[in-house]
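Novice: Sequence and predicted model, in that order:
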Amino acid sequence: MVQIKSNNKNSLHIINVITLIILIALSIFAIVVSVIYFQNSTTESRSLLKYEEVKQALNNGHKLRIVMDYKDMNFYFNDTLTPSPDEKSGFDLNDYQYFARNAIGNPKEFIITSFTIMVVHPRYGPIFDYGKIRMYEDEKFELIVYFLNAADYKVIEYKSFNTTLDAGHVRFYQQTSKFTKFF
């Protein structure tokens, strides 16, 4: 049997140095690729202004962001028309239902969605803010909001807003990402 003498310490040191150099090179490569990617990619927001555009985007699987400016909408507080508050809100519109004309006895086609968030109201304390939205094929838009007691879900306050989509008080945004070039 032939034995080869080697300096195990030197061999181990060389292997460790080579491994470290490879790891550093891979890390630098990952950083360079990330920088190039993010410098050459953009996120664009496409504004949807009409009911048909919103319906098409939702039915094609796109997620939307909705932004509402209540100031110039018709505002009903406990069923009484009152001046609108200077408020805005926005949220992601991920879940919805679409109803074609006469699907459930409805004369107009429409899209509905709802949301619930818990907030600490300055007068009422912790409440659930439940909102439901309907958009109709004739561009009509309505938002109904209930403030619910967080302990027993009793309605504390009820308000509704309505407008038309083409009035500009309600905006939908579809975000798209693009990668323009690598080098």
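Specialist: That came through, no problem.
Novice: pLDDT-wise, which helix or strand of the protein ranks last?
Specialist: When each helix and strand of the chain is scored by mean pLDDT, DSSP states H and E, strand 41-48 comes last, with a mean of 73.
Novice: can I see the domain layout of this structure?
Specialist: The chain breaks down into these domains under automatic domain parsing: 8-41, 45-175.
Novice: Tell me the helices and strands packed up against the helix or strand that the least confident helix or strand of the chain is followed by.
Specialist: Scanning the chain past strand 41-48 towards its C-terminal end, the next helix or strand to appear is helix 51-59 (assignment: DSSP states H and E). With contacts defined as 3 or more Cβ pairs under 8 Å, 6 or more residues apart in numbering; DSSP states H and E, helix 51-59 has these neighbours: strand 64-69, strand 97-99, strand 110-121, strand 125-136, strand 170-179. Every C-beta, even on glycine, is put in place using the N, C-alpha and C of the backbone.
Novice: and residue 76, which of those strands is closest to it?
Specialist: In terms of Cβ to Cβ, the element of the helices and strands packed on helix 51-59 nearest to residue 76 is strand 125-136, at 14.0 Å.
Novice: Pull up the pairing partners for the closest one, direction included.
Specialist: According to DSSP bridges, strand 125-136 has the following sheet partners: strand 110-121 (antiparallel), strand 140-149 (antiparallel).
Novice: For it, give the mean pLDDT please.
Specialist: Per-residue pLDDT values over strand 125-136 give a mean of 96.
Novice: circling back: kindly reformat the helices and strands packed on helix 51-59 as CSV containing mean neighbour count.
Specialist: Putting the helices and strands packed on helix 51-59 into CSV (neighbours: other Cβ atoms under 10 Å) gives the following:
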stretch, mean neighbour count
strand 64-69, 18
strand 97-99, 13
strand 110-121, 14
strand 125-136, 17
strand 170-179, 15
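Novice: Using a markdown table, lay out the ones you listed together with distance to residue 76.
Specialist: Compiled in a markdown table, the helices and strands packed on helix 51-59 are given as follows (distance: least, Cβ to Cβ, whole Å):
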| stretch | distance to residue 76 |
| --- | --- |
| strand 64-69 | 15 |
| strand 97-99 | 24 |
| strand 110-121 | 18 |
| strand 125-136 | 14 |
| strand 170-179 | 16 |
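Novice: hmm, back to that, so for residue 90, which of the strands paired with strand 125-136 sits nearest?
Specialist: Using Cβ to Cβ as the criterion, the shortest distance between residue 90 and the strands paired with strand 125-136 is 10.8 Å, found for strand 110-121.
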